[in-house]
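>>> Structure, please.
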Amino acid sequence: KAAMITNLLTEDNLPSYHRILAKYFPAFSDWRQLVGVWTAEDNRHAVVLRDYLVVRRAIDPVDAEERRRVHVTAGYRQNEAQVDELKPLDVLALMAVHEAQSVKFIEKMQASVADDILSQILHKVAGDDEVSSRTFVNLLGAGLVADQDTAVIALDKALARGLDEPIGFDVVDFDEQRALIADYQDEATIDAIAASIVDQLKLESVDGLNDEAAAAKARILARAGR
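Numbers count the residues shown, from 1 in each chain. Below is the predicted model:
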């Protein structure tokens, strides 16, 4: 139940992630297909999860709504300093890692799910998130061609951020429940995500980096076990 509420609130917080994306990839530009479709698809996750939980009477709908209101109002990285520190490639790397974190979180949750309908729902949500993560990695790969130093540094920062910001880290008044799912993400989770992204980007073959980017690449590869 703690994991489901965490996942639901993360999906509810879609507006924050949409705003972060739209800051550099405006939905009224040629990026409409990416930002618009991703937002529309991701919105369905919160709808189906809440419908399931309410119909099955697995949560208190009043408590869930109050938590949603508080969580979405606070948002994710919704203050000027936190948003301004993100540049276009930082956003793509952040989204690639975050979507991969969501997949790992759901995989962990699936181990405790006995209901077949819920298992099917989670499988579909994780499948969507996996596609989203790969899409953002592919876009980061294009950034790697355009500006390899900035792209590598962005990925290094995103992985470090992912370690500090596990799914549900920012849910308020949730310490007791969060303790129940403390093992859903650890350093090994981020290491596995790093390894997957390294393979997708063929990062080991990237050379000619400046000193800062070379150090970032070394940290990424070490995290990926390479």
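
>>> And the helices in this protein?
2-12, 14-24, 32-55, 61-74, 80-84, 88-110, 116-146, 148-164, 175-180, 187-201, 211-223 (DSSP state H).

>>> Pull stretch 128-142 out as CSV, backbone CA atoms only.
Provided in CSV are the C-alpha atoms of stretch 128-142 (Å, rounded to 0.1, in the frame of the first residue of the first chain):
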residue,chain,number,x,y,z
ASP,A,128,5.3,2.8,-20.8
ASP,A,129,8.0,4.1,-18.5
GLU,A,130,10.6,1.8,-20.1
VAL,A,131,9.7,3.2,-23.6
SER,A,132,9.9,6.8,-22.2
SER,A,133,13.3,6.2,-20.6
ARG,A,134,14.7,4.8,-23.9
THR,A,135,13.2,7.7,-25.8
PHE,A,136,14.9,10.2,-23.5
VAL,A,137,18.1,8.3,-23.7
ASN,A,138,17.9,8.4,-27.5
LEU,A,139,17.4,12.2,-27.4
LEU,A,140,20.3,12.5,-25.0
GLY,A,141,22.3,10.5,-27.5
ALA,A,142,21.5,13.1,-30.2
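
>>> mind listing what's buried in it?
Asp128, Asp129, Glu130, Ser132, Ser133, Arg134, Thr135, Phe136, Val137, Leu139, Leu140, Gly141 (16 or more other CB atoms under 10 Å). Backbone N, C-alpha and C define where each C-beta goes, glycine included.

>>> So what touches it?
Here stretch 128-142 makes contact (CB atoms under 8 Å, 6 or more residues apart in numbering) with 34, 38, 41-42, 45, 89, 92-93, 95-97, 99-100, 102-103, 106, 151, 154-155, 197, 200-201.

>>> Equivalent analysis for stretch 38-52, please.
Contacts of stretch 38-52 (CB under 8 Å, 6+ apart): 4, 7-8, 11-12, 14, 17-18, 21, 27, 58, 64, 117-118, 121, 125, 128, 132, 135.

>>> Got a quick PyMOL command for the buried subset of these?
Selection of buried members from those for PyMOL, criterion 16+ other CB under 10 Å:
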select buried, resi 4+7+8+11+12+14+17+18+21+64+118+121+125+128+132+135
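
>>> now the contacts of stretch 128-142: which count as buried?
Judged by 16+ other CB under 10 Å, buried ones among these: 34, 38, 42, 45, 89, 92-93, 95-97, 99-100, 102-103, 106, 151, 154-155, 197, 201.

>>> which helices and strands does the lowest-mean-pLDDT helix or strand in the chain pack with?
Here the helix or strand of the chain ranked lowest by mean pLDDT, DSSP states H and E is helix 80-84, holding a mean of 87. Contact partners of helix 80-84 among helices and strands, from 3 or more CB pairs under 8 Å, 6 or more residues apart in numbering; DSSP states H and E: none.

>>> next one: that helix to chain centre, how far?
Centroid separation for helix 80-84 versus its chain: 18 Å, with CA atoms, centre = their mean, to the nearest Å.
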